[in-house]
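Enquirer: could you look at this predicted model? Sequence included:
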Protein chains: 2
Amino acid sequence: MKEESSEHPAAERVHASVTLRDVARLAGVSSMTVSRAIHAPDRVSAPLRQRVDDAVRALGYVPNLMANGLRSSRSYLVTALVPTIAGSLFSDMVRSLTEALEARGFQLMVGQIGYGRSREDDLLRAIIGRRPDGIVLTGILHSEEGRGMLISSGIPVVETWDTTPHPIDMLLSLSHEAIGRRVCEFLHGRGKRRLALFSGKDERAERRMRGFLRAASDLGLDAPLLRWMDSPTTHRQGREALAAVFEGDARVDGVFCSSDMMATGVLTEARARGIAVPDRLAVVGFGDLDFAESVAPALTTVRIDGGAIGAMAARMIAARADGQSPPQRIVEVEFSIVERESA
Amino acid sequence: MKEESSEHPAAERVHASVTLRDVARLAGVSSMTVSRAIHAPDRVSAPLRQRVDDAVRALGYVPNLMANGLRSSRSYLVTALVPTIAGSLFSDMVRSLTEALEARGFQLMVGQIGYGRSREDDLLRAIIGRRPDGIVLTGILHSEEGRGMLISSGIPVVETWDTTPHPIDMLLSLSHEAIGRRVCEFLHGRGKRRLALFSGKDERAERRMRGFLRAASDLGLDAPLLRWMDSPTTHRQGREALAAVFEGDARVDGVFCSSDMMATGVLTEARARGIAVPDRLAVVGFGDLDFAESVAPALTTVRIDGGAIGAMAARMIAARADGQSPPQRIVEVEFSIVERESA
DNA sequence: CTGAAAGCGCTTACAG
DNA sequence: CTGAAAGCGCTTACAG
């Protein structure tokens, strides 16, 4: 087959994708009419609209959002940063964000920041470079450089799942200290007196543990036994932590775990050792993941409404992108202890 | 405070972000020199490079990747579509994709396609609109319209976690039929004769079950009992399915579940009913999620190396983006049965 | 209702 | 090693 000679001298790309101009040429209208037919169809007369639609379909035209975004300075992109995609603690939030944003014409891009935070600033730079219409952060951003980049970018930011007196922009505020405190009081109310904490080494978990420790001290309890492990925490870590504790001080009668998965591991190990839950040992998890109600004994745990967080974050960002100010800059997020069999 | 009068007549935007020109002006060089200092520093003399670096830092300049992408037709963006972000079956793949792509200068954007597939074409359009340098699909794309859009977009595509004789482009091929067959033979080899299948209603799970059924028939076994449920499958569904089966035909002696989470629910229900695993009932899961080795009894399950899939997909896409052809267009993905205590 | 011109912020391709 | 010009594919802002 011979190559056709082309009209453009520079048309050498193997796979030049279809542009607005191609559609316009085929439909016999200007580019502007094509653009309007797509984005504001009622501003175009019916016959032209029809011709444009046909041409779009015939050519399989998909508008280039980079060009659109560059010119209109709206990317219709929102980025959410989560510590990790595994371990479904944030999956309700991601799902509801996806849905609420899609309904408003935005697309969600999920990025993993890791619990480590070393790449945080680089990742932030890559994200800001795409000029998203909003950024949802899981947790509070600490890096001064990162905060500076976000603030000077002018991109609407929602910090979630944590609290701070100095949010970058908008905040869905959740106090992990308060959670830890409440769980401690809950276990105390159940008559438990020798408590243990099994916790991943991540910021928010550490804050829950700190709140718990304060409450224990306020209640005049012995200092709880503490075991730290890497985040995200696993079933195996729960088993190992309980095994280690019961090979030492077997008098522990209540454990607060920093994740449901770890708490389930504690339940498994307790069963293997013949330790009665909750009578001899009460176990409380965190997250209320979907297996929590179904394991045996059913897991008592802390529930946070991730779906509500996602929906609210989407609303706040959409308001900003439309040039409005959101109803509130700071919104309190509720939590609750779901009482089941394990405590 | 009074507003400063600005040099540009049109400079009315509240938050015009810093551009290459601003950096160039401050550094006293041309835009091209700034661009080079950033992307090809050794093509710029040391003194100018220094001045540019200082200006970049002083202004907090973050290059606009939409403009870059528009001009260079490289977005440095790769999109991965997964059924759902919850349920960590694909999280190893996503993690390794993220890392392998980052190492090559690409950013990963994760999209959820749902097990439903209704929004598939719309989502695809939104993705193609951003002109990613590659698309990784979990599973095979069936929609004719979607396939057509991808092919005519010219974007490198890797289909993974499934197999087809007609890939869109590149394929990391995994036969779920073969998996189902192997699991059936495995249970048969363990002396199990009255088998059951608990499966989510999603394409790949259905194919595993089909392979299992064929093998059962080939082995002369009674037709396995089948129970279908919604995907993604849960711990609770596992409990309920086993309960339903054992209230009917209690002679079932082996179950293949379409997920590890569901299999763990089966283990829980078996324990609650005093059914000995694996002697009276063998249980096999799918996924080898991290809790599988730690539950009691430890779960026998099917393992697929998601990390390897992600790494290979990244390599294939990077090769294409660099204008090379990948080493192979179709690569076979291995699987194995991890034999533990439950079967 | 429709279109011609200009420009978003970069890089390509060329010249010196 | 450095820079002026042109253009990527759209939308804005204006004119008719």
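Expert: Nice, thanks for sending it over.
Enquirer: where does the stretch 51-200 of chain A dip in pLDDT?
Expert: For the stretch 51-200 of chain A, the stretches with pLDDT under 70 are A:115-118.
Enquirer: helices of that one, start to end?
Expert: For the stretch 51-200 of chain A, applying DSSP state H, counting those that start in this stretch gives helices covering A:65-72, A:91-103, A:120-129, A:144-153, A:176-189.
Enquirer: so which of those helices is nearest A:A223?
Expert: Of all the helices of the stretch 51-200 of chain A, helix A:176-189 sits nearest to A:A223, with 11.9 Å by Cβ to Cβ. Backbone N, C-alpha and C define where each C-beta goes, glycine included.
Enquirer: quick check: buried residues in stretch A:215-235?
Expert: Neighbour-count burial for stretch A:215-235, counted by 16 or more other Cβ atoms under 10 Å in any protein chain shown, picks out A:215-216, A:221, A:224-225, A:227-229, A:231-235.
Enquirer: same question for stretch A:263-278.
Expert: A:263-270, A:275, A:277-278.
Enquirer: out of those residues, who's nearest B:G139?
Expert: For the buried residues of stretch A:263-278, the nearest to B:G139 is A:T264 (29.4 Å; Cβ to Cβ).
Enquirer: ok, and what's touching whichever strand or helix holds the closest one?
Expert: Using DSSP states H and E, the element containing A:T264 is helix A:260-272. With contacts defined as Cβ atoms under 8 Å, 6 or more residues apart in numbering or on different chains, helix A:260-272 is touched by A:87, A:198, A:200, A:229, A:232-243, A:255, A:257, A:276-277, A:281, A:283-289, A:291-292, A:295-297, A:299, A:301, A:342, B:291, B:294-296.
Enquirer: toward the C-terminus, what is the element adjacent to it?
Expert: With DSSP H and E, the next secondary element past helix A:260-272 is strand A:282-286.
Enquirer: now what about the following helix or strand past that next one, what contacts it?
Expert: Toward the C-terminal end, the helix or strand that comes next after strand A:282-286 (DSSP H and E) is strand A:300-304. Contacts to strand A:300-304, defined as Cβ under 8 Å, 6+ apart, come from residues A:161, A:174, A:179, A:183, A:260, A:263, A:278, A:282-288, A:292, A:333-343.
Enquirer: angle of strand A:300-304 against strand A:282-286?
Expert: 20 degrees (axes from the mean of the first three to the mean of the last three Cα atoms, to 10 degrees).
Enquirer: which parts of the stretch 1-150 of chain A sit against DNA strand D?
Expert: Residues of the stretch 1-150 of chain A lying near DNA strand D by Cβ under 7 Å from any atom of the strand: A:8, A:10, A:16-21, A:31-32, A:35, A:38-39, A:61, A:63-64, A:67-68, A:70-72.
Enquirer: among those, name the buried ones.
Expert: A:17-20, A:35, A:38, A:61, A:63-64, A:67-68, A:70.
Enquirer: what subset of those residues is also close to DNA strand C?
Expert: Answer for those near DNA strand C (Cβ under 7 Å from any atom of the strand): A:67, A:70.
Enquirer: distance to A:L48 for the buried ones among the residues of the stretch 1-150 of chain A next to DNA strand D - can I get that in CSV?
Expert: Output for those, formatted as CSV (distance: Cβ to Cβ, whole Å):
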residue, distance to A:L48
A:S17, 23
A:V18, 19
A:T19, 18
A:L20, 14
A:S35, 12
A:I38, 12
A:Y61, 16
A:P63, 18
A:N64, 22
A:A67, 22
A:N68, 21
A:L70, 26
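Enquirer: and A:V18, that's in a helix?
Expert: No - per DSSP: H, G, I helix; E, B strand; the rest coil, A:V18 lies outside any helix segment and is coil.
Enquirer: follow-up on the earlier one: tell me which of the helices of the stretch 51-200 of chain A sits nearest to B:G323.
Expert: B:G323 lies closest to helix A:65-72 among those, at 20.1 Å (Cβ to Cβ).
Enquirer: returning to what we had before: nearest to DNA strand D among the buried residues of stretch A:215-235?
Expert: The closest of those to DNA strand D turns out to be A:P232 (Cβ to the nearest atom of the strand; 41.0 Å).
Enquirer: helix or strand for the closest one, which one?
Expert: Here A:P232 sits in a region with no helix or strand, counting by DSSP H and E.
Enquirer: likewise A:I309?
Expert: Using DSSP H and E, A:I309 falls in helix A:306-321.
Enquirer: after that helix, next one along is what?
Expert: Next along from helix A:306-321, by DSSP H and E: strand A:330-332.
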